[in-house]
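**Q** With the input below, show me the fold.
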Amino acid sequence: MQIIVFAGLIFSLLLIGAPIFMAMLVGTFFGFEVFAPPIPSMSLPQRMVDSVNRFSLIAIPLFIFAADIIARGQIGKRLVRLTEVMVGHFTGGVAMASVAACAIFGAMAGIGPAAVVSIGPIVYPALIRQGYGKGFSAGLILSSATLAMLIPPGVAMILYSVETNNSVGQMFIAGLTVGAFFAIVLMAYAWIYARIRGIGKLPKASSAERITALKESLWALGLPVVVLGGIYSGAATPSEAAAFACAYAIFVETTIYRQLKFHELFKVSSQSMATIAVLMILIAAGGVMTYYMTLMQYPAQLSATVAGVPAQLILLSVNIAFLFAGMIIDPNSAIIVLTPLIYNAAIGAGIEPIHLGAVVVMNVAIGMITPPFGLNIFIGMATFRLGYGEIVRAILPFVGIMIAALLVITYVPALSLWLL
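**A** Below you'll find the predicted structure:
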């Protein structure tokens, strides 16, 4: 009964439009006041501080800052040009190039919305000129942008690792295969769509054009190679790699490509700080909420309730819970709120933690384009100047494709674990 009152209060606050962190804190403080045994008055503020005072969390604000720098510069444009000259002459080539550009961008930034605002304005007109239509073009870009969450260094993977005390490096390795699988699924759909609709191809680029595009993109391509190479080789921790990503992005954009001026970095950092502040207060609120749930033994009660339930059914329940959460709250909040509750039950059923992480991250990626409140929907409205209804109709086929991919990832654990 207590957990129903606790969850009901938080959900009611969300329904009336309360900020997510406030709903979490009010519900938790109410639970401590009414249900929990007495605790020292300083315990809760200390728990909030401890929640954000973790070395592994340093990677998140640094990758957010790097993503904002990249979104303001030339790196995205160079990547789009490179992918177009490499695959644009195939059936569905422009669409496949868009997916590839978002995937490469994701390997540098780890932030889905940054891919929309950086890659979207470049590839959207090209897709329209090629005859794909506004709906398909917008849907493809918005769904491809979620690859930034799946492909390392996705911030959602770091957050899951921090919340569950799992290896960030192992989550990144799992994300490589999951992200590659989803990118292939999107490219296959683009090929089928173009073939059925009879959409034309770009002229095949000459060897000289390809070499030129590759040379112009070398500095851009160097970022994911060095960052991910440093992490996987053990030469750098994710936090150190994130710091290098910031320095590298600043150097390339201000000195090599000269798209970004040094005095503009203050504006970029201000934008990043606003995003980071929102995320950190969510993590702090999530920390004290997790403390309350652990103290009241809610995860243990859930584990006891589902004891003996097949892992397949638990994974289905996890999918349903996260898909529903993705409709109403942002991905980071969904991870912070739900992961501590379901984690022990899932592990107790024999589900591998890294596989569970891949399932969770894929779910929250779907939430980015799921009505009514998917974040990418509203970013797409502003970026492509389309109405809410147009965007929703455009992304529905891609939501279906992502759910189909999710089922494969859920019930074929080897897909996310074979590199470990």
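
**Q** Hmm, residue 240 is touching residue 234, no?
**A** No: the criterion here is C-beta atoms under 8 Å, and residue 240 misses it with residue 234 at 11.1 Å. No exception for glycine: its C-beta is placed from N, CA and C like everyone else's.

**Q** between these two, who's got more neighbours?
**A** residue 240 (16 against 8; other C-beta atoms under 10 Å).

**Q** tell me the contacts of the more buried one?
**A** residue 230 (C-beta atoms under 8 Å, 6 or more residues apart in numbering).

**Q** pLDDT value on it, please?
**A** Looking at residue 240, its pLDDT is 88.

**Q** how about the helices in the stretch 101-250 of the chain?
**A** 112-130, 134-145, 147-150, 155-164, 168-197, 207-233, 238-251 (DSSP state H, counting those that start in this stretch).

**Q** Distance to residue 32 added to those, as TSV?
**A** Below are these laid out as TSV (distance: least, C-beta to C-beta, whole Å):
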stretch	distance to residue 32
helix 112-130	35
helix 134-145	39
helix 147-150	33
helix 155-164	21
helix 168-197	31
helix 207-233	39
helix 238-251	32
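
**Q** from those helices, which stretch is densest packed?
**A** Neighbour counts averaged per stretch over the helices of the stretch 101-250 of the chain are highest for helix 147-150, at a mean of 29; criterion: mean count of other C-beta atoms under 10 Å.

**Q** And that one, what does it pack against?
**A** helix 93-109, helix 112-130, helix 155-164, helix 168-197, helix 353-367 (3 or more C-beta pairs under 8 Å, 6 or more residues apart in numbering; DSSP states H and E).

**Q** closest one to residue 299 among those?
**A** helix 155-164 (11.6 Å; C-beta to C-beta).

**Q** what inclination does the closest one have with respect to helix 93-109?
**A** Counting by axes from the mean of the first three to the mean of the last three C-alpha atoms, to 10 degrees, helix 155-164 lies at 40 degrees to helix 93-109.

**Q** now helix 155-164 against helix 353-367, angle please.
**A** 130 degrees.

**Q** Give me the mean pLDDT for helix 155-164.
**A** Mean predicted confidence for helix 155-164 is 91.

**Q** With stretch 372-391 instead?
**A** pLDDT averaged over stretch 372-391 gives 86.

**Q** Counting neighbours, what do you get for residue 372?
**A** Neighbours of residue 372 using other C-beta under 10 Å come to 9.

**Q** can you check the one 5 residues further on too?
**A** Each residue near residue 377 was counted by other C-beta under 10 Å, and the total is 21.

**Q** picking that back up, figure out which of the helices and strands packed on helix 147-150 is closest to residue 404.
**A** Among the helices and strands packed on helix 147-150, helix 168-197 sits nearest to residue 404 (C-beta to C-beta), with 7.8 Å.

**Q** what is the mean pLDDT for that closest one?
**A** Mean predicted confidence for helix 168-197 is 93.

**Q** now that helix and helix 238-251, what's the angle there?
**A** 50 degrees.

**Q** between helix 168-197 and helix 207-233, how many degrees?
**A** 150 degrees.

**Q** tell me how far helix 168-197 is from the chain's mean position?
**A** 14 Å (C-alpha atoms, centre = their mean, to the nearest Å).

**Q** try stretch 324-339
**A** 12 Å.

**Q** Okay, buried residues for stretch 315-329 please.
**A** Within stretch 315-329, the residues scored as buried using 16 or more other C-beta atoms under 10 Å are 315, 318-319, 321-323, 325-326, 328-329.

**Q** got the contact list for it?
**A** Contacts of stretch 315-329 (C-beta under 8 Å, 6+ apart): 14, 20, 306, 333-334, 337-338, 342, 346, 351, 356, 359-360, 363-364, 366-368, 370-374, 403, 406, 410-411.

**Q** returning to what we had before: please flag which of the buried residues of stretch 315-329 sit within helices.
**A** 315, 318-319, 321-323, 325-326, 328 (DSSP state H).

**Q** Spatially central residue in the chain, please.
**A** residue 149 (2.6 Å; C-alpha atoms, centre = their mean).

**Q** Thought residue 358 was touching it, still the case?
**A** No: checked against C-beta under 8 Å, the pair residue 149 and residue 358 is beyond contact range at 11.2 Å.

**Q** that older thread, let's have the buried residues of stretch 315-329 in TSV, adding pLDDT and distance to residue 35.
**A** Formatted as TSV, the buried residues of stretch 315-329 follow (pLDDT from 0 to 100; distance: C-beta to C-beta, whole Å):
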residue	pLDDT	distance to residue 35
315	94	30
318	93	26
319	94	30
321	90	22
322	91	26
323	90	29
325	85	23
326	83	28
328	78	25
329	81	24
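
**Q** returning to that earlier point: any chance of the helices and strands packed on helix 147-150 in JSON lines, with distance to residue 394 too?
**A** What follows is the helices and strands packed on helix 147-150, written out as JSON lines (distance: least, C-beta to C-beta, whole Å):
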{"stretch": "helix 93-109", "distance to residue 394": "14"}
{"stretch": "helix 112-130", "distance to residue 394": "12"}
{"stretch": "helix 155-164", "distance to residue 394": "23"}
{"stretch": "helix 168-197", "distance to residue 394": "13"}
{"stretch": "helix 353-367", "distance to residue 394": "15"}
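
**Q** out of those, which comes closest to residue 385?
**A** helix 112-130 (9.9 Å).

**Q** For the closest residue to residue 224 other than its chain neighbours, give its distance to residue 381.
**A** In space, and not counting its chain neighbours, residue 224 is closest to residue 107: 3.7 Å by C-beta to C-beta, 6 or more residues apart in numbering. For residue 107, the distance to residue 381 equals 27 Å [C-beta to C-beta, to the nearest Å].

**Q** So these two - more neighbours on which side?
**A** Set side by side, residue 107 and residue 381 show unequal neighbour counts under other C-beta under 10 Å, the larger going to residue 107 at 23 against 16.

**Q** show me what contacts the more buried one?
**A** 151-153, 224, 227-228.

**Q** The host helix or strand of residue 312: how far from the chain's middle?
**A** Assessed by DSSP states H and E, residue 312 sits inside helix 311-328. When distances are taken as C-alpha atoms, centre = their mean, helix 311-328 is centred 17 Å away from the chain's centroid.

**Q** Fine, thanks again, bye for now.
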